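Visitor: what shape does this take:
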Amino acid sequence: VFMIRLKKRNHGSISSNLFLASHMFYPLLLFCVFWIGVNAASLTLAFEKTVNGVKQFAGLQNFSEFFKKLANPVDEAHISLFNTIKFNLISYICTIPLYFIFSYYLFKKFIGSKAYGLLVMIPQAFSGFIISVLFMKFISEIPTLLANNGVTNPPNFLHDDRYTLGVQLFYCIWTGFAEGLIIYPNAMRAIPGEIIEAAEIDGAGMWHEFFDIVMPLIFPTFITCFVMAISGFFGASGALVLFYEWKAPTSASLIGYYMMKEIMMASNVDEVYPLMSAGGLIFTLIAAPATFGIKALLEHICPAEEY
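Guide: Alright, predicted model coming up:
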């Protein structure tokens, strides 16, 4: 009887392991092929060059050529890099305070908070393609509207170099704003009600509650979100593909979009692929330590509060 039970137990254990293995095999295969394999190939390409159809070790030649493109003020790579820096910094400065303020507004359930939450979520309810088409249609009609109201030579906001980057920035902030209003209000709701009630009993006002209680308690959530944003700093491409496909004006180009465009439109892949692989490795070597350094700095400035 004991041996029969043992065999049944072993059979059940083997079946469970096979079931788990069958479910893990496919995602692990995808990870190995599309992450490890792709990144390994990219790393190899960064140190290669093709001469007369023969691949050779290039040393740091591809890195040197990419740095020259970044240092040339008239090169699209240089313009795209500085556009990326401006794009991200302005985005952080504009969105982070607004995330906290409007998240607290939703958390406290002030008048109109439900309607506001619904309006903010509207862009998330439709595909990015549909939203981008509607936005472009709206923007393209603005010059006509301005001209009908007496404005001479109204600008084309999608193609005027003075406005292209600003339009991208506005669109990305507008369509992505709901993400923060999902994360931060939920973090605020996780704060025990006893803490808020105790503060109110002690006479704490709204601003005192916001800055001295809510903000420190949700700061670990902010660190996580901010570190994730920093890790993708150089990968930003905005909505350029949706708006322009691969024909975006240089004034609006971002470094992530620029590198994708160079690869997609390459006529000589043996020359472009190694160069872009070297560029990707350069930005990875910059972003990785910066990400961990900023995370450590923020955790040192405001360590996680226990409650």
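
Visitor: where along the stretch 101-250 of the chain do the helices fall?
Guide: Ranges of helices in the stretch 101-250 of the chain, per DSSP state H, counting those that start in this stretch, are 113-121, 128-148, 164-189, 193-201, 206-209, 215-231, 240-244.

Visitor: the longest one to helix 128-148, inter-axis angle?
Guide: Yep, that's helix 164-189 we're talking about. Using axes from the mean of the first three to the mean of the last three Cα atoms, to 10 degrees, the inter-axis angle of helix 164-189 relative to helix 128-148 is 130 degrees.

Visitor: again with the first one
Guide: Between helix 113-121 and helix 128-148, the angle formed by their directions is 90 degrees, by the same axes, to 10 degrees.

Visitor: of the helices of the stretch 101-250 of the chain, which is nearest residue 285?
Guide: Proximity to residue 285 (Cβ to Cβ) singles out helix 215-231 among the helices of the stretch 101-250 of the chain, at 13.0 Å. From N, CA and C alone the C-beta is placed, and that goes for glycine too.

Visitor: what's the closest of the helices of the stretch 101-250 of the chain to residue 72?
Guide: Ranking the helices of the stretch 101-250 of the chain by proximity to residue 72 (Cβ to Cβ) places helix 164-189 first, at 19.5 Å.

Visitor: how about the closest one: buried residues?
Guide: Buried positions in helix 164-189, judged by neighbour count with 16 or more other Cβ atoms under 10 Å: 164-165, 167-169, 171-172, 175, 177-178, 180-181, 183-185, 187-188.

Visitor: thinking again about what came up before, as JSON lines, the helices of the stretch 101-250 of the chain with distance to residue 77 would be great.
Guide: Shown next, in JSON lines, are the helices of the stretch 101-250 of the chain (distance: least, Cβ to Cβ, whole Å):
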{"stretch": "helix 113-121", "distance to residue 77": "35"}
{"stretch": "helix 128-148", "distance to residue 77": "25"}
{"stretch": "helix 164-189", "distance to residue 77": "16"}
{"stretch": "helix 193-201", "distance to residue 77": "50"}
{"stretch": "helix 206-209", "distance to residue 77": "46"}
{"stretch": "helix 215-231", "distance to residue 77": "21"}
{"stretch": "helix 240-244", "distance to residue 77": "15"}
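
Visitor: out of these, which gets nearest to residue 32?
Guide: That would be helix 215-231 among the helices of the stretch 101-250 of the chain, by Cβ to Cβ, at 21.8 Å.

Visitor: where does pLDDT dip in the stretch 51-200 of the chain?
Guide: For the stretch 51-200 of the chain, no stretch is flagged by pLDDT under 70.

Visitor: in the protein, mark out all the strands, start to finish.
Guide: Assigned by DSSP state E, the strands in the chain fall at 48-51, 54-57.

Visitor: could I have the last one exported to PDB, CA atoms only?
Guide: Taking C-alpha atoms only, strand 54-57 is exported to PDB below (Å, rounded to 0.1, in the frame of the first residue of the first chain):
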ATOM      1  CA  VAL A  54      34.000  40.100 -45.500                       C
ATOM      2  CA  LYS A  55      33.300  40.800 -41.900                       C
ATOM      3  CA  GLN A  56      36.300  42.000 -39.900                       C
ATOM      4  CA  PHE A  57      37.000  43.100 -36.400                       C
END
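
Visitor: other SSEs contacting it?
Guide: Applying 3 or more Cβ pairs under 8 Å, 6 or more residues apart in numbering; DSSP states H and E, one finds that strand 54-57 contacts strand 48-51.

Visitor: next one: the strand it packs on to chain centre, how far?
Guide: With Cα atoms, centre = their mean, to the nearest Å as the basis, strand 48-51 stands 33 Å off its chain's centre.

Visitor: other SSEs contacting it?
Guide: strand 54-57, helix 61-71, helix 269-301.

Visitor: wait, which of the ones you listed is closest to residue 237?
Guide: Proximity to residue 237, assessed across the helices and strands packed on strand 48-51 by Cβ to Cβ, is greatest for helix 269-301 (13.0 Å).

Visitor: which of the residues in the closest one are buried?
Guide: Buried residues in helix 269-301 (16+ other Cβ under 10 Å): 272-284, 287, 291, 294-295, 298.

Visitor: same thing with stretch 202-222?
Guide: Counting neighbours by 16+ other Cβ under 10 Å, one finds that the buried residues in stretch 202-222 are 209, 210, 213, 214, 215, 217, 218, 219, 220, 221, 222.
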